[in-house]
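1. all I have is the shape, not the residue letters:
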(Lines give C-alpha, C1' and ligand atoms only; values in the text may rest on other atoms or scores of the structure.)
Protein backbone atom coordinates (compact mmCIF):
# COMPACT_ATOMS: atom_id res chain seq x y z
CA UNK A 1 0.00 0.00 0.00
CA UNK A 2 2.78 2.37 0.97
CA UNK A 3 4.68 1.56 -2.24
CA UNK A 4 1.63 2.52 -4.29
CA UNK A 5 1.29 5.84 -2.46
CA UNK A 6 4.97 6.61 -3.05
CA UNK A 7 4.56 5.67 -6.70
CA UNK A 8 1.58 8.01 -7.06
CA UNK A 9 3.54 10.78 -5.36
CA UNK A 10 6.47 10.27 -7.71
CA UNK A 11 4.19 10.33 -10.74
CA UNK A 12 2.50 13.55 -9.60
CA UNK A 13 5.95 15.09 -9.06
CA UNK A 14 7.04 14.16 -12.58
CA UNK A 15 3.96 15.83 -14.03
CA UNK A 16 4.85 19.17 -12.46
CA UNK A 17 6.59 21.38 -15.00
CA UNK A 18 8.90 24.13 -13.89
CA UNK A 19 12.38 24.95 -12.68
CA UNK A 20 13.38 25.98 -9.17
CA UNK A 21 16.26 28.47 -8.65
CA UNK A 22 18.91 25.76 -8.36
CA UNK A 23 17.59 23.75 -11.31
CA UNK A 24 18.72 24.28 -14.89
CA UNK A 25 17.13 23.43 -18.26
CA UNK A 26 19.21 22.07 -21.13
CA UNK A 27 21.37 24.55 -23.05
CA UNK A 28 18.87 24.87 -25.90
CA UNK A 29 15.93 25.43 -23.57
CA UNK A 30 17.96 27.87 -21.48
CA UNK A 31 18.67 30.04 -24.53
CA UNK A 32 14.98 30.10 -25.51
CA UNK A 33 13.79 30.85 -21.98
CA UNK A 34 16.44 33.57 -21.65
CA UNK A 35 15.33 35.21 -24.90
CA UNK A 36 11.78 35.32 -23.56
CA UNK A 37 13.05 37.17 -20.46
CA UNK A 38 14.88 39.67 -22.69
CA UNK A 39 11.73 40.38 -24.69
CA UNK A 40 9.85 41.06 -21.48
CA UNK A 41 12.41 43.46 -19.98
CA UNK A 42 13.36 45.19 -23.24
CA UNK A 43 10.46 47.65 -23.70
CA UNK A 44 10.51 49.15 -20.20
CA UNK A 45 14.31 49.31 -20.00
CA UNK A 46 14.57 51.04 -23.38
CA UNK A 47 11.68 53.38 -22.52
CA UNK A 48 13.48 54.58 -19.38
CA UNK A 49 16.56 55.35 -21.47
CA UNK A 50 14.48 57.27 -24.02
CA UNK A 51 12.71 59.27 -21.30
CA UNK A 52 15.82 60.14 -19.28
CA UNK A 53 18.18 60.91 -22.16
CA UNK A 54 20.49 57.99 -21.42
CA UNK A 55 22.03 55.97 -24.26
CA UNK A 56 19.85 52.98 -25.17
CA UNK A 57 22.64 50.50 -25.92
CA UNK A 58 24.47 51.48 -22.73
CA UNK A 59 21.30 51.04 -20.70
CA UNK A 60 20.79 47.52 -22.08
CA UNK A 61 24.43 46.65 -21.35
CA UNK A 62 24.16 48.03 -17.81
CA UNK A 63 20.97 46.05 -17.21
CA UNK A 64 22.70 42.78 -18.07
CA UNK A 65 25.86 43.56 -16.11
CA UNK A 66 23.92 44.63 -13.00
CA UNK A 67 21.86 41.41 -13.18
CA UNK A 68 25.00 39.28 -13.27
CA UNK A 69 26.43 41.17 -10.30
CA UNK A 70 23.14 40.73 -8.41
CA UNK A 71 23.07 36.98 -9.05
CA UNK A 72 26.70 36.64 -7.97
CA UNK A 73 26.22 38.69 -4.79
CA UNK A 74 23.12 36.70 -3.84
CA UNK A 75 24.94 33.46 -4.77
CA UNK A 76 22.15 32.50 -7.15
CA UNK A 77 19.66 32.17 -4.30
CA UNK A 78 17.41 35.01 -5.51
CA UNK A 79 16.35 34.66 -9.17
CA UNK A 80 15.49 38.23 -10.18
CA UNK A 81 16.35 40.35 -13.22
CA UNK A 82 17.61 43.92 -12.83
CA UNK A 83 16.17 46.55 -15.17
CA UNK A 84 15.75 50.32 -15.35
CA UNK A 85 13.28 51.73 -12.82
CA UNK A 86 10.46 54.17 -13.58
CA UNK A 87 10.47 55.39 -9.97
CA UNK A 88 13.54 57.55 -10.63
CA UNK A 89 12.29 59.14 -13.86
CA UNK A 90 11.31 62.57 -12.55
CA UNK A 91 14.44 62.89 -10.40
CA UNK A 92 16.81 61.91 -13.22
CA UNK A 93 15.04 64.10 -15.79
CA UNK A 94 15.38 67.03 -13.41
CA UNK A 95 19.16 66.62 -13.80
CA UNK A 96 19.44 65.66 -17.49
CA UNK A 97 16.62 67.92 -18.71
CA UNK A 98 15.86 65.23 -21.27
CA UNK A 99 13.19 65.25 -23.93
CA UNK A 100 11.78 62.00 -25.27
CA UNK A 101 14.21 60.09 -27.56
CA UNK A 102 16.79 62.91 -27.38
CA UNK A 103 20.10 61.87 -25.82
CA UNK A 104 21.24 64.19 -23.03
CA UNK A 105 24.77 65.72 -22.96
CA UNK A 106 27.43 63.52 -21.40
CA UNK A 107 28.15 65.99 -18.59
CA UNK A 108 24.52 65.90 -17.40
CA UNK A 109 24.33 62.10 -17.65
CA UNK A 110 27.53 61.93 -15.60
CA UNK A 111 26.02 64.09 -12.87
CA UNK A 112 22.92 61.89 -12.73
CA UNK A 113 25.19 58.84 -12.51
CA UNK A 114 26.70 60.17 -9.29
CA UNK A 115 23.26 60.65 -7.74
CA UNK A 116 22.26 57.10 -8.73
CA UNK A 117 25.43 55.65 -7.22
CA UNK A 118 24.69 57.42 -3.93
CA UNK A 119 21.11 56.08 -4.01
CA UNK A 120 22.60 52.59 -4.30
CA UNK A 121 24.32 53.18 -0.97
CA UNK A 122 20.90 53.75 0.62
CA UNK A 123 19.71 50.31 -0.49
CA UNK A 124 22.93 48.72 0.74
CA UNK A 125 22.59 50.43 4.14
CA UNK A 126 18.99 49.19 4.42
CA UNK A 127 20.12 45.68 3.52
CA UNK A 128 22.84 45.71 6.15
CA UNK A 129 20.34 46.85 8.79
CA UNK A 130 17.96 44.02 7.89
CA UNK A 131 20.80 41.49 7.83
CA UNK A 132 22.01 42.67 11.23
CA UNK A 133 18.69 42.92 13.08
CA UNK A 134 16.67 40.31 11.20
CA UNK A 135 13.22 40.13 9.64
CA UNK A 136 11.47 41.51 12.73
CA UNK A 137 12.67 45.00 11.84
CA UNK A 138 11.52 44.84 8.24
CA UNK A 139 8.19 43.20 9.11
CA UNK A 140 7.53 46.03 11.55
CA UNK A 141 8.34 48.71 8.98
CA UNK A 142 7.15 46.82 5.89
CA UNK A 143 4.32 44.42 6.83
CA UNK A 144 2.24 42.65 4.19
CA UNK A 145 -0.30 45.50 4.30
CA UNK A 146 2.40 47.81 2.90
CA UNK A 147 4.29 45.49 0.55
CA UNK A 148 1.11 43.89 -0.81
CA UNK A 149 -0.53 47.26 -1.41
CA UNK A 150 2.59 48.64 -3.11
CA UNK A 151 2.71 45.61 -5.41
CA UNK A 152 -0.94 46.24 -6.36
CA UNK A 153 -0.22 49.92 -7.00
CA UNK A 154 2.80 49.10 -9.17
CA UNK A 155 0.84 46.67 -11.32
CA UNK A 156 -2.31 48.75 -11.68
CA UNK A 157 -0.43 52.03 -12.14
CA UNK A 158 1.19 50.49 -15.21
CA UNK A 159 -2.24 49.56 -16.58
CA UNK A 160 -2.67 52.97 -18.19
CA UNK A 161 0.61 52.64 -20.08
CA UNK A 162 -0.23 49.12 -21.20
CA UNK A 163 -3.72 49.88 -22.50
CA UNK A 164 -2.90 53.19 -24.22
CA UNK A 165 0.25 51.81 -25.85
CA UNK A 166 -1.63 48.68 -26.91
CA UNK A 167 -4.21 50.92 -28.56
CA UNK A 168 -1.63 53.07 -30.36
CA UNK A 169 -3.13 56.07 -28.55
CA UNK A 170 -2.10 59.50 -29.86
CA UNK A 171 -2.30 61.98 -27.00
CA UNK A 172 -2.24 64.98 -29.36
CA UNK A 173 -5.24 63.89 -31.41
CA UNK A 174 -6.93 61.75 -28.77
CA UNK A 175 -7.34 58.88 -31.24
CA UNK A 176 -6.38 55.22 -31.26
CA UNK A 177 -5.11 52.99 -34.06
CA UNK A 178 -7.37 50.13 -35.16
CA UNK A 179 -4.43 48.12 -36.50
CA UNK A 180 -2.67 48.48 -33.15
CA UNK A 181 -5.82 47.34 -31.36
CA UNK A 182 -6.04 44.22 -33.54
CA UNK A 183 -2.38 43.30 -32.93
CA UNK A 184 -2.67 43.94 -29.18
CA UNK A 185 -5.90 41.97 -28.72
CA UNK A 186 -4.61 38.99 -30.71
CA UNK A 187 -1.33 39.05 -28.74
CA UNK A 188 -3.20 39.17 -25.43
CA UNK A 189 -5.58 36.36 -26.35
CA UNK A 190 -2.76 34.21 -27.74
CA UNK A 191 -0.63 34.76 -24.62
CA UNK A 192 -3.48 33.82 -22.29
CA UNK A 193 -4.41 30.73 -24.32
CA UNK A 194 -0.77 29.59 -24.43
CA UNK A 195 -0.30 30.15 -20.67
CA UNK A 196 -3.49 28.27 -19.77
CA UNK A 197 -3.48 25.36 -22.21
CA UNK A 198 0.14 24.63 -23.17
CA UNK A 199 1.89 22.00 -21.09
CA UNK A 200 5.45 20.85 -20.56
CA UNK A 201 8.26 22.89 -22.12
CA UNK A 202 5.83 24.70 -24.40
CA UNK A 203 3.86 25.84 -21.38
CA UNK A 204 6.90 27.80 -20.19
CA UNK A 205 7.02 30.01 -23.27
CA UNK A 206 3.57 31.66 -23.45
CA UNK A 207 4.93 35.22 -23.49
CA UNK A 208 7.40 34.48 -26.29
CA UNK A 209 4.78 32.64 -28.35
CA UNK A 210 2.20 35.36 -27.77
CA UNK A 211 4.61 38.05 -28.95
CA UNK A 212 5.59 35.97 -32.00
CA UNK A 213 1.92 35.62 -32.95
CA UNK A 214 1.44 39.36 -32.48
CA UNK A 215 4.54 40.11 -34.55
CA UNK A 216 3.35 37.93 -37.45
CA UNK A 217 -0.10 39.54 -37.34
CA UNK A 218 1.52 42.99 -37.35
CA UNK A 219 3.26 42.41 -40.69
CA UNK A 220 0.15 42.64 -42.94
CA UNK A 221 -1.16 45.43 -40.69
CA UNK A 222 1.87 47.53 -41.65
CA UNK A 223 3.07 48.02 -38.07
CA UNK A 224 6.65 46.85 -38.62
CA UNK A 225 9.43 48.86 -40.25
CA UNK A 226 11.88 46.25 -41.49
CA UNK A 227 14.16 48.94 -42.91
CA UNK A 228 15.03 50.18 -39.43
CA UNK A 229 16.52 46.80 -38.49
CA UNK A 230 19.59 47.28 -40.72
CA UNK A 231 20.26 50.91 -39.82
CA UNK A 232 23.67 51.68 -38.33
CA UNK A 233 26.65 49.37 -37.99
CA UNK A 234 26.53 45.65 -37.34
CA UNK A 235 28.80 45.95 -34.31
CA UNK A 236 28.90 49.12 -32.24
CA UNK A 237 30.39 49.64 -28.78
CA UNK A 238 27.92 51.22 -26.32
CA UNK A 239 28.62 54.84 -25.36
CA UNK A 240 30.05 54.71 -21.83
CA UNK A 241 30.28 57.74 -19.51
CA UNK A 242 31.90 58.18 -16.12
CA UNK A 243 30.16 59.77 -13.10
CA UNK A 244 31.08 63.25 -11.91
CA UNK A 245 30.39 64.64 -8.45
CA UNK A 246 27.10 66.56 -8.25
CA UNK A 247 25.46 67.19 -4.89
CA UNK A 248 22.41 68.58 -6.68
CA UNK A 249 21.95 65.17 -8.29
CA UNK A 250 22.41 63.48 -4.92
CA UNK A 251 19.68 65.66 -3.36
CA UNK A 252 17.30 64.89 -6.25
CA UNK A 253 17.94 61.19 -6.78
CA UNK A 254 19.23 59.66 -3.54
CA UNK A 255 15.98 59.99 -1.50
CA UNK A 256 14.03 58.01 -4.11
CA UNK A 257 15.87 54.86 -3.01
CA UNK A 258 14.07 54.97 0.34
CA UNK A 259 10.70 54.77 -1.37
CA UNK A 260 11.74 51.97 -3.75
CA UNK A 261 12.65 49.60 -0.89
CA UNK A 262 9.00 48.49 -0.46
CA UNK A 263 8.86 47.74 -4.21
CA UNK A 264 11.94 45.54 -4.02
CA UNK A 265 10.62 43.93 -0.83
CA UNK A 266 7.26 43.21 -2.44
CA UNK A 267 8.97 41.52 -5.39
CA UNK A 268 11.00 39.32 -3.05
CA UNK A 269 7.93 38.24 -1.07
CA UNK A 270 6.10 37.50 -4.32
CA UNK A 271 9.04 35.39 -5.48
CA UNK A 272 9.08 33.50 -2.18
CA UNK A 273 5.40 32.60 -2.53
CA UNK A 274 5.63 31.33 -6.10
CA UNK A 275 8.94 29.47 -5.74
CA UNK A 276 7.73 27.62 -2.65
CA UNK A 277 4.42 26.80 -4.31
CA UNK A 278 6.38 25.07 -7.09
CA UNK A 279 8.74 23.46 -4.56
CA UNK A 280 5.75 22.04 -2.68
CA UNK A 281 4.27 20.59 -5.86
CA UNK A 282 7.62 19.01 -6.72
CA UNK A 283 7.99 17.68 -3.15
CA UNK A 284 11.16 19.69 -2.61
CA UNK A 285 12.27 21.47 0.54
CA UNK A 286 11.44 25.04 1.53
CA UNK A 287 13.34 27.83 -0.22
CA UNK A 288 13.89 30.56 2.37
CA UNK A 289 13.89 33.44 -0.10
CA UNK A 290 11.98 35.96 2.03
CA UNK A 291 14.61 35.57 4.74
CA UNK A 292 17.20 36.92 2.31
CA UNK A 293 15.66 40.40 2.13
CA UNK A 294 18.82 42.03 3.46
CA UNK A 295 20.92 40.33 0.80
CA UNK A 296 18.36 41.30 -1.84
CA UNK A 297 18.56 44.99 -0.88
CA UNK A 298 22.35 44.88 -0.87
CA UNK A 299 22.32 43.28 -4.31
CA UNK A 300 19.82 45.88 -5.53
CA UNK A 301 22.04 48.72 -4.30
CA UNK A 302 25.16 47.25 -5.86
CA UNK A 303 23.18 46.81 -9.07
CA UNK A 304 22.48 50.56 -9.09
CA UNK A 305 26.13 51.34 -8.51
CA UNK A 306 27.42 48.96 -11.18
CA UNK A 307 24.85 50.11 -13.76
CA UNK A 308 25.60 53.77 -13.15
CA UNK A 309 29.37 53.37 -13.30
CA UNK A 310 28.98 52.59 -17.00
CA UNK A 311 26.26 55.12 -17.80
CA UNK A 312 23.05 53.25 -17.06
CA UNK A 313 20.02 54.67 -15.18
CA UNK A 314 18.85 53.55 -11.75
CA UNK A 315 17.04 50.24 -11.64
CA UNK A 316 15.37 47.55 -9.60
CA UNK A 317 14.44 43.89 -9.84
CA UNK A 318 11.82 43.74 -12.56
CA UNK A 319 8.19 42.90 -11.91
CA UNK A 320 7.71 42.05 -15.60
CA UNK A 321 10.35 39.33 -15.44
CA UNK A 322 9.00 38.13 -12.10
CA UNK A 323 5.52 37.85 -13.59
CA UNK A 324 6.94 35.88 -16.50
CA UNK A 325 8.60 33.50 -14.05
CA UNK A 326 5.36 33.15 -12.09
CA UNK A 327 3.34 32.41 -15.23
CA UNK A 328 5.87 29.97 -16.71
CA UNK A 329 6.99 28.48 -13.35
CA UNK A 330 10.59 28.92 -14.47
CA UNK A 331 12.72 30.37 -11.66
CA UNK A 332 16.07 29.02 -12.86
CA UNK A 333 18.94 31.34 -11.95
CA UNK A 334 20.87 30.04 -14.94
CA UNK A 335 18.15 31.28 -17.28
CA UNK A 336 18.34 34.80 -15.83
CA UNK A 337 22.14 34.79 -15.93
CA UNK A 338 22.01 33.71 -19.57
CA UNK A 339 19.49 36.45 -20.33
CA UNK A 340 21.85 38.99 -18.74
CA UNK A 341 24.80 37.84 -20.85
CA UNK A 342 22.64 37.87 -23.99
CA UNK A 343 21.46 41.41 -23.19
CA UNK A 344 25.07 42.59 -22.88
CA UNK A 345 25.91 40.95 -26.21
CA UNK A 346 22.87 42.49 -27.89
CA UNK A 347 23.98 45.95 -26.79
CA UNK A 348 26.95 45.53 -29.17
CA UNK A 349 24.88 44.16 -32.09
CA UNK A 350 22.74 46.90 -33.59
CA UNK A 351 20.74 44.75 -36.07
CA UNK A 352 19.68 42.28 -33.37
CA UNK A 353 18.89 45.08 -30.95
CA UNK A 354 16.97 46.91 -33.68
CA UNK A 355 15.06 43.72 -34.55
CA UNK A 356 13.87 43.35 -30.96
CA UNK A 357 13.04 47.03 -30.89
CA UNK A 358 11.03 46.59 -34.10
CA UNK A 359 8.41 44.60 -32.20
CA UNK A 360 5.44 46.99 -32.22
CA UNK A 361 4.56 48.66 -28.96
CA UNK A 362 1.01 47.39 -29.37
CA UNK A 363 2.27 43.79 -29.41
CA UNK A 364 4.50 44.16 -26.36
CA UNK A 365 1.80 45.97 -24.43
CA UNK A 366 -0.84 43.48 -25.49
CA UNK A 367 1.19 40.94 -23.51
CA UNK A 368 1.79 43.51 -20.77
CA UNK A 369 -1.94 43.85 -20.14
CA UNK A 370 -1.61 40.33 -18.77
CA UNK A 371 1.79 40.80 -17.13
CA UNK A 372 0.95 44.02 -15.30
CA UNK A 373 -2.29 42.49 -14.06
CA UNK A 374 -0.30 39.58 -12.66
CA UNK A 375 1.91 42.04 -10.74
CA UNK A 376 -1.19 43.55 -9.14
CA UNK A 377 -2.63 40.11 -8.38
CA UNK A 378 0.62 39.13 -6.67
CA UNK A 379 0.06 41.97 -4.23
CA UNK A 380 -3.21 40.31 -3.25
CA UNK A 381 -1.36 36.99 -2.96
CA UNK A 382 1.10 38.53 -0.49
CA UNK A 383 -1.70 39.62 1.83
CA UNK A 384 -3.50 36.29 1.55
CA UNK A 385 -0.29 34.40 2.24
CA UNK A 386 0.44 36.55 5.31
CA UNK A 387 -3.19 36.19 6.48
CA UNK A 388 -3.82 39.95 6.66
CA UNK A 389 -7.01 40.71 8.58
CA UNK A 390 -9.07 42.79 6.14
CA UNK A 391 -11.60 43.63 8.87
CA UNK A 392 -8.96 45.35 11.01
CA UNK A 393 -9.37 49.14 10.94
CA UNK A 394 -5.61 49.74 11.06
CA UNK A 395 -4.93 47.45 8.12
CA UNK A 396 -7.74 49.00 6.10
CA UNK A 397 -6.39 52.50 6.79
CA UNK A 398 -2.89 51.63 5.57
CA UNK A 399 -4.07 49.71 2.50
CA UNK A 400 -6.66 52.30 1.44
CA UNK A 401 -4.29 55.27 1.75
CA UNK A 402 -1.54 53.53 -0.23
CA UNK A 403 -3.96 52.54 -3.00
CA UNK A 404 -5.59 55.95 -3.35
CA UNK A 405 -2.38 58.01 -3.09
CA UNK A 406 -0.51 55.68 -5.46
CA UNK A 407 -3.24 55.19 -8.04
CA UNK A 408 -4.92 58.58 -7.62
CA UNK A 409 -1.56 60.33 -7.95
CA UNK A 410 -0.62 58.27 -10.98
CA UNK A 411 -3.81 58.90 -12.92
CA UNK A 412 -4.87 62.24 -11.45
CA UNK A 413 -1.76 64.30 -12.17
CA UNK A 414 0.48 64.72 -15.20
CA UNK A 415 3.41 62.34 -15.18
CA UNK A 416 2.23 60.76 -11.95
CA UNK A 417 3.73 63.66 -10.00
CA UNK A 418 1.61 64.96 -7.10
CA UNK A 419 1.91 68.77 -6.71
CA UNK A 420 1.88 69.89 -3.07
CA UNK A 421 3.42 72.71 -1.04
CA UNK A 422 5.46 73.99 -3.98
CA UNK A 423 6.97 70.57 -4.76
CA UNK A 424 6.12 67.60 -6.95
CA UNK A 425 6.16 64.12 -5.43
CA UNK A 426 6.27 60.82 -7.41
CA UNK A 427 2.95 59.06 -6.77
CA UNK A 428 4.25 55.53 -6.10
CA UNK A 429 7.19 56.69 -4.00
CA UNK A 430 4.87 58.98 -2.03
CA UNK A 431 2.33 56.19 -1.50
CA UNK A 432 5.08 53.92 -0.18
CA UNK A 433 6.46 56.58 2.15
CA UNK A 434 3.05 57.61 3.49
CA UNK A 435 2.05 53.97 3.95
CA UNK A 436 5.21 53.17 5.92
CA UNK A 437 4.79 56.21 8.18
CA UNK A 438 1.08 55.60 8.71
CA UNK A 439 1.71 51.97 9.59
CA UNK A 440 4.39 52.93 12.14
CA UNK A 441 2.19 55.60 13.73
CA UNK A 442 -0.82 53.28 14.01
CA UNK A 443 1.41 50.56 15.47
CA UNK A 444 2.23 52.65 18.55
CA UNK A 445 0.84 50.88 21.61
CA UNK A 446 -0.46 48.00 19.51
CA UNK A 447 0.13 44.48 20.80
CA UNK A 448 1.76 41.84 18.68
CA UNK A 449 -0.66 39.32 17.11
CA UNK A 450 0.56 36.60 19.51
CA UNK A 451 -0.05 38.87 22.50
CA UNK A 452 -3.54 39.75 21.23
CA UNK A 453 -4.42 36.05 20.89
CA UNK A 454 -3.10 35.38 24.41
CA UNK A 455 -5.15 38.25 25.85
CA UNK A 456 -8.24 36.93 24.08
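-> Yep, it's here. Being a predicted model, the structure only gives us computed values, none of them experimental.

2. state the mean pLDDT of stretch 124-136.
-> Here stretch 124-136 scores 84 as its mean pLDDT.

3. buried residues of that stretch, list them for me.
-> 124, 126-127, 130 (16 or more other CB atoms under 10 Å). For glycine as for every other residue, the C-beta is placed from the backbone atoms N, C-alpha and C.

4. name the residues that touch it?
-> By CB atoms under 8 Å, 6 or more residues apart in numbering, the surrounding residues in contact with stretch 124-136 are 137-138, 258, 261, 290-291, 293-302.

5. distance from the chain centre to that stretch, please.
-> 22 Å (CA atoms, centre = their mean, to the nearest Å).

6. show me where this structure has strands.
-> Ranges of strands in the chain, per DSSP state E, are 82-84, 315-317, 417-420, 423-426.

7. closest to residue 251 out of those?
-> Nearest to residue 251 among the strands of the chain is strand 423-426; the distance by CB to CB comes to 12.3 Å.

8. which secondary structure elements does the closest one contact?
-> helix 89-96, strand 417-420 (3 or more CB pairs under 8 Å, 6 or more residues apart in numbering; DSSP states H and E).

9. quick one: end-to-end distance for stretch 225-243.
-> When the termini of stretch 225-243 are compared using CA to CA, to the nearest Å, they are 36 Å apart.

10. can you list the weak-confidence ranges in the stretch 301-450 of the chain?
-> 447-450 (pLDDT under 70).

11. the same query, at a cut-off of 90, please.
-> Per-residue confidence for the stretch 301-450 of the chain (pLDDT under 90) gives these ranges: 314-324, 326-329, 346, 349-388, 390, 406, 409-433, 436, 443-450.

12. quick one, what contacts the residue nearest to residue 61 when sequence neighbours are not counted?
-> Of all residues beyond its chain neighbours, the one nearest residue 61 is residue 347 (3.8 Å), with distances taken as CB to CB, 6 or more residues apart in numbering. Contact analysis of residue 347 by CB under 8 Å, 6+ apart lists 57-58, 60-61, 64, 238, 353.

13. with residue 409 instead?
-> Shown in contact with residue 409 (CB under 8 Å, 6+ apart): 416-418, 425-428, 430-431.

14. quick one: mean pLDDT over stretch 154-167.
-> 83.

15. need the contact partners of it.
-> Taking CB under 8 Å, 6+ apart as the rule, stretch 154-167 contacts 176-177, 180-181, 184, 188, 263, 266, 319, 361-362, 364-366, 368-369, 372-379, 406-407, 410-411, 416, 427-428.

16. out of the strands of the chain, nearest to residue 206?
-> strand 82-84 (20.1 Å).

17. mind listing what that closest one pairs with, with the direction of each?
-> strand 315-317 (antiparallel) (DSSP bridges).

18. roughly how far apart are residue 130 and residue 124?
-> Per CB to CB, to the nearest Å, residue 130 is found 11 Å from residue 124.

19. what do you get for residue 254?
-> 12 Å.

20. as TSV, the contacts of residue 409 with neighbour count would be great.
-> TSV is the format used below for these (neighbours: other CB atoms under 10 Å):
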residue	neighbour count
416	24
417	17
418	20
425	21
426	25
427	25
428	26
430	20
431	30
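
21. now those in CSV, with distance to residue 337?
-> Converted to CSV, these look like this (distance: CB to CB, whole Å):
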residue, distance to residue 337
416, 33
417, 36
418, 38
425, 37
426, 31
427, 34
428, 29
430, 35
431, 33
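
22. which one of these is nearest residue 246?
-> Nearest member of the contacts of residue 409 to residue 246, counting by CB to CB, is residue 426, at 20.0 Å.

23. correct me if wrong: that closest one contacts residue 417.
-> Yes: at 6.2 Å, residue 426 and residue 417 qualify as touching, with contact defined as CB atoms under 8 Å.

24. okay, and the beta partners of residue 419?
-> Applying DSSP bridges, one finds that residue 419 bridges with residue 424.

25. do you know how far the residue nearest the centre of the chain is from residue 372?
-> Using CA atoms, centre = their mean, the residue of the chain that lies closest to the mean C-alpha position is residue 318, 2.0 Å off. The gap separating residue 318 from residue 372 is 12 Å, by CB to CB.

26. so how do I select the buried members of the contacts of stretch 154-167 in PyMOL?
-> Buried residues within the contacts of stretch 154-167, by 16+ other CB under 10 Å, are selected in PyMOL with:
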select buried, resi 176+177+180+181+184+188+263+266+319+361+362+364+365+366+368+369+372+373+374+375+376+377+378+379+406+407+410+416+427+428
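
27. in helices, which of the contacts of stretch 154-167 fall?
-> Using DSSP state H, the subset of the contacts of stretch 154-167 located in helices is 180-181, 184, 188, 263, 266, 319, 361-362, 364-366, 368-369, 372-379, 406-407, 410-411, 427-428.
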